[in-house]
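Enquirer: Structure for the following, please:
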Amino acid sequence: MKRAIGGYVNYFMASGWVVLVPLCVVFLNTVGLLILSSASLSFVHHNYLLKQAAWLALAVVGCVCAMSTPINWLLKNARFAYILAIVLLIVVLIPGIGLRINGSRRWINVGVGNLQISEYAKIAFCLYFPRVLIRSAHRSFSQSLLIPLAHMGVFAVLLLLEPDYGTTALFLLTGMALLFLNGFSAKTLFACGIIILGLFALMIVLNPVRMARLLAFMDMEATKATGSYQLWQGFVAFQSGGLCGAGLGNGRQQLFFLPEAHTDFIFPILAEELGYIFALLVVCAYIVLFVILWRETFHMQAPDLFLAANGLSLFLIIQIAINLCVVMGLLPTKGIALPFVSYGGSSLIFSYCTIGLLLNLFRTSHREDLSWDSNDNSARNGSLIGLKRNLN
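Expert: Residues are numbered from 1 along each chain as shown. This is a model prediction of the structure:
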């Protein structure tokens, strides 16, 4: 442990800006706890602050473990984590094991709380999917495309069965981005994207609940008392905040007006109580986090580390973007939490683990170039050639 701490100290001193990553996370998490302390005053039977503090302790432990475990060991054993993720996504669909909440079966009770399996699946996917991409790179064009798409399809189908359309979109977007970074042309992926989007649209049309939600989103003012009620109340919270906000604990929208005020729609509550200026600081913290993660990721030389780091970063960044777009009315309402700020144990733990793994990947890449085994060298070289072609 002492050696790992010394390695990170040296890495932070050498890289400079990377130290802002944990600082941004601490700032965002502190803001989240402040808003949850306000929510706990309103919902006297649900002390969200204490519950989130307990989850935070577990999240910090997870982050430290992710930072200190040798990354080559994690990557070599990623297959087992990947298989476990698929098994758990199947198990969660079984009545009596998977918990059904708000119409979706996404959680398993683990004693101390409910674990959302898709959060764990994100990390398992990011650690193993690069291996799929690299090892299929030396195959024919159709095989090198169809094999990764098949892996993405397994996760997509299992998530749709829950149903969890938002996380399904996250997996597909991240997977397609990794295919692009692995050398596939934008034209090929655009054609695949059109097919996937068409299937997605068909499933929404055939699902009355999702279709009603989409139609309500397209005419929010007319449906503000029904289908768009949550989004409309979010707008009211934004409008009530002003530059400096109403003050912590003085917001009205979390008093049973805005559903999911402490989870998916916590950002409007933040803007109402702390004001536009503070909300802008939160957005700036996310932007700083995004820029540093992107900068460090693109300095990596090893394709396996590069793709794994990009997958983890993209899951985090796309989730942040979707949540902010939803609460601002740019996308239909989806049940996706705001990382580090929203209430929720699974999201907090796996967001911290993601940051821990990213710092581990960055430090490892800074120290040495790793690969899974020497037999992957030709695939790794092919991956780099395709990557450079796309990025240049």
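Enquirer: lowest average confidence, helix or strand, in this structure?
Expert: helix 377-391 (a mean of 46; mean pLDDT, DSSP states H and E).
Enquirer: How much space separates V31 from V327?
Expert: 15 Å (CB to CB, to the nearest Å). Yep, even glycine has a C-beta here, placed from its N, CA and C like the rest.
Enquirer: Kindly report the same for H138.
Expert: From H138 to V327 the distance is 44 Å (CB to CB).
Enquirer: Which residue of the two possesses the greater neighbour count?
Expert: V327 (25 against 15; other CB atoms under 10 Å).
Enquirer: What separation is there between that one and I94?
Expert: Distance from V327 to I94, by CB to CB: 33 Å.
Enquirer: and if you look at F350?
Expert: 22 Å.
Enquirer: Those two: which is more packed in?
Expert: F350 (26 against 10).
Enquirer: Quick check, that one in contact with F125.
Expert: No. Using CB atoms under 8 Å, F350 is not in contact with F125; the gap is 11.7 Å.
Enquirer: any common contacting residues for those two?
Expert: When CB atoms under 8 Å, 6 or more residues apart in numbering defines a contact, no residue borders F350 and F125 alike.
Enquirer: Just the strands from the stretch 1-150 of the chain, written as ranges.
Expert: 98-101, 104-109, 114-116 (DSSP state E, counting those that start in this stretch).
Enquirer: Pairing partners for the shortest one, with directions?
Expert: Meaning strand 114-116. Its sheet considered, strand 114-116 pairs with strand 104-109 (antiparallel) by DSSP bridges.
Enquirer: which residues touch the partner strand?
Expert: 88, 91-93, 95, 97-99, 101, 114-118, 162-164, 335, 346.
Enquirer: That strand - what's its average pLDDT?
Expert: Taken as a whole, strand 104-109 has an average pLDDT of 88.
Enquirer: check which helix or strand covers T354.
Expert: T354 belongs to helix 345-367 when assigned by DSSP states H and E.
Enquirer: Could you list every helix and strand that that helix packs against?
Expert: If you count contacts as 3 or more CB pairs under 8 Å, 6 or more residues apart in numbering; DSSP states H and E, helix 345-367 packs onto helix 2-15, helix 20-42, helix 48-68, helix 71-76, strand 114-116, helix 117-136, helix 266-297, helix 303-327.
Enquirer: Compare these and give me the one nearest R363.
Expert: The closest of these to R363 is helix 2-15. By CB to CB, the value is 4.5 Å.
Enquirer: Report the mean per-residue pLDDT for the closest one.
Expert: On average, helix 2-15 scores 63.
Enquirer: Next: stretch 301-312.
Expert: Computed over stretch 301-312, the average pLDDT equals 91.
Enquirer: Output that stretch as PDB, nothing but the C-alphas.
Expert: Extracted C-alpha coordinates of stretch 301-312, given in PDB (Å, rounded to 0.1, in the frame of the first residue of the first chain):
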ATOM      1  CA  GLN A 301       0.300   4.200 -26.000                       C
ATOM      2  CA  ALA A 302      -0.900   0.700 -25.300                       C
ATOM      3  CA  PRO A 303      -4.200  -0.100 -27.100                       C
ATOM      4  CA  ASP A 304      -5.600  -2.200 -24.400                       C
ATOM      5  CA  LEU A 305      -5.200   0.500 -21.700                       C
ATOM      6  CA  PHE A 306      -6.300   3.100 -24.200                       C
ATOM      7  CA  LEU A 307      -9.600   1.400 -25.000                       C
ATOM      8  CA  ALA A 308     -10.300   0.400 -21.400                       C
ATOM      9  CA  ALA A 309      -9.700   4.000 -20.200                       C
ATOM     10  CA  ASN A 310     -11.900   5.400 -23.000                       C
ATOM     11  CA  GLY A 311     -14.700   3.000 -22.200                       C
ATOM     12  CA  LEU A 312     -14.700   4.000 -18.500                       C
END
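Enquirer: Lovely, talk soon.
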